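> Build me a model from this:
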Amino acid sequence: MRILIADTFPDDAVTALRRDGHQVTHQSDTTADALPHAVGGHDVLVVRSTRVTAETIARATNLRLVIRAGSGTNTIDCTAAAERGIAVCNVPGRNAVAVAELTFALLLALDRNVPDAVADLRAGRWDKKRYAAARGILGRRVGVVGLGQIGLAFAERATAFGAHVYAVAKSGRPRHLADRARAAGVSFVDSIETLADTCDVLSFHVPATADTRRLVGRELLARVRPGTFVLNTSRSDVIDEDALIEAMDTKGVRAGLDVFDDEPGQSTGTIDSPLARHPNVYGTHHIGASTEQAQQAIADEVVHMIQEYERGRMLHRVTPDTSSLAYAGRS
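Have a look, this model is predicted:
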């Protein structure tokens, strides 16, 4: 098969695909604007953060499979793909620990004011009195919104630091996740409003859906306590940025964020974000899943998925099955 990898991807995984007999084009710096001109003739497209638009789908003459080398597929026009009979698959769970680690790093940074302390020290300013004023994580009430693989990994780390972790009770939660939550000491409440009313920290680990869009808005933020920490390493549209800025200005809410509206469409560029510039925000560059361990695990699974696709088996499909595996067995 002809495979286009339009994003960063480990060299050994590219080599493995070529060893399997595939023609692999690896263009790590491909932008969303350039992708429609590059995709023609390829059977499989692999992306990480590069946006796959309806135009790209329309120009994909041979495409039958798009793999998002990560969990979320909100950067892919899944509707356009389904209409063309193109399968969209993701790689769930392989980056959970990496995202949880960054989320917890943001929590620690907020509690100890690490970025500001480093900036002052580098500028030659010594202010021990200011930076000694930290509450600590022990005994904090941490609300986790979204108790999937990432939310659970974060909850486990929070309880290990002595925090009291809470989540919303949900019927139909898979047994293995429910068992893991209980083992981690998670307590359950009846609603997200209860989390907002009672917790010191709210950490969001939810997919981008109609139900989660602007979930963190004025109504929810009106309920949080002054000085509450808001953490978001999931998707930017979970947060109403204007509402969060208001809550930071009026209630001293602080935020640790890895995702922002209007991020650049490529790995380097500029961003004009009032939220990112706000002094109550410690932000990172949408790098939650970007550890070597996570990216290698994801790449290994992508290779496995393509091998299984050749054998006629589709793994981790997120779009409806509207066509047969026409490309199974082609090379």
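
> Please, where are all the strands along this protein?
2-5, 23-26, 44-47, 65-68, 87-90, 141-145, 164-168, 187-189, 201-204, 229-232, 254-257, 281-283 (DSSP state E).

> could those be laid out in CSV, adding distance to residue 222 and mean neighbour count?
All C-beta spots, glycine's among them, are computed from the backbone N, C-alpha and C. Formatted as CSV, the entries for the strands of the chain read as follows, by distance: least, CB to CB, whole Å; neighbours: other CB atoms under 10 Å:
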stretch, distance to residue 222, mean neighbour count
strand 2-5, 45, 23
strand 23-26, 48, 17
strand 44-47, 38, 27
strand 65-68, 35, 26
strand 87-90, 35, 23
strand 141-145, 16, 24
strand 164-168, 18, 21
strand 187-189, 18, 14
strand 201-204, 13, 26
strand 229-232, 13, 25
strand 254-257, 16, 24
strand 281-283, 19, 22
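
> possible to save the ones you listed as TSV with mean pLDDT and distance to residue 135?
Formatted as TSV, the entries for these read as follows, by pLDDT from 0 to 100; distance: least, CB to CB, whole Å:
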stretch	mean pLDDT	distance to residue 135
strand 2-5	98	45
strand 23-26	97	47
strand 44-47	98	41
strand 65-68	98	38
strand 87-90	97	38
strand 141-145	98	12
strand 164-168	97	14
strand 187-189	97	21
strand 201-204	98	11
strand 229-232	98	10
strand 254-257	98	12
strand 281-283	98	16
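
> now the ones you listed in CSV, with distance to residue 38?
Conversion of these to CSV gives the following (distance: least, CB to CB, whole Å):
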stretch, distance to residue 38
strand 2-5, 6
strand 23-26, 8
strand 44-47, 9
strand 65-68, 13
strand 87-90, 18
strand 141-145, 38
strand 164-168, 42
strand 187-189, 47
strand 201-204, 34
strand 229-232, 32
strand 254-257, 31
strand 281-283, 31
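
> Quick one: closest of those to residue 318.
Comparison of the strands of the chain against residue 318 by CB to CB identifies strand 87-90 as nearest, at 5.4 Å.

> Distance from that closest one to the middle of the chain?
Centroid displacement of strand 87-90 relative to its chain, using CA atoms, centre = their mean, to the nearest Å, is 16 Å.

> measure the closest residue to residue 134 other than its chain neighbours to residue 118 for me?
Once its chain neighbours are removed from consideration, residue 134 has its nearest residue in residue 112; the separation is 4.9 Å (CB to CB, 6 or more residues apart in numbering). Distance from residue 112 to residue 118, counting by CB to CB, to the nearest Å: 11 Å.

> Looking only at neighbour counts, state which of the two leads.
Here residue 112 and residue 118 are set side by side on neighbour count (other CB atoms under 10 Å), and the busier one is residue 112, at 17 against 12.

> May I see the buried residues of the helix or strand of the chain with the lowest mean pLDDT?
Comparing helices and strands within the chain by mean pLDDT, DSSP states H and E singles out helix 175-183 as the least confident, with a mean of 91. Using 16 or more other CB atoms under 10 Å as the burial criterion, the residues of helix 175-183 that qualify are 178, 180-181.

> now stretch 299-319
Along stretch 299-319, the positions that meet the burial threshold by neighbour count (16+ other CB under 10 Å) are 299-303, 305-306, 309-310, 315-316, 318-319.

> ditto for stretch 283-303
283-284, 286, 288-291, 294-295, 297-303.

> How about the backbone phi and psi for the spatially most central residue of the chain?
With distances taken as CA atoms, centre = their mean, the chain has residue 234 as the residue nearest its mean C-alpha position (4.1 Å). When quoted as degrees, to the nearest 10, the phi and psi of residue 234 stand at phi -100, psi -90.

> about what we covered before: kindly indicate which of the buried residues of stretch 283-303 lies nearest residue 186.
The shortest separation between residue 186 and any of the buried residues of stretch 283-303 is 20.9 Å, and it belongs to residue 288 (by CB to CB).

> can you pull the contacts of the closest one?
Neighbour list for residue 288: 95, 98-99, 102-103, 233, 258-259 [criterion: CB atoms under 8 Å, 6 or more residues apart in numbering].

> Okay, residue 269 and residue 95: tell me how far apart.
Residue 269 sits 23 Å away from residue 95, taking CB to CB as the criterion.

> and if you look at residue 151?
Taking CB to CB as the measure, residue 151 falls 13 Å from residue 95.

> again with residue 307
Residue 307 sits 21 Å away from residue 95, going by CB to CB.

> Give me the pLDDT for residue 331.
Model confidence at residue 331, expressed as pLDDT, equals 40.

> Kindly report the same for residue 125.
The predicted local confidence for residue 125 is 97.

> and what of residue 266?
The pLDDT attached to residue 266 in the predicted structure is 73.

> got it, and residue 325?
Looking at residue 325 specifically, the model assigns a pLDDT of 47.

> What segments of the stretch 1-150 of the chain are helices?
Counting by DSSP state H, counting those that start in this stretch, the stretch 1-150 of the chain has these helices, from start to end: 11-19, 35-38, 54-59, 78-83, 96-112, 114-122, 128-131, 149-160.
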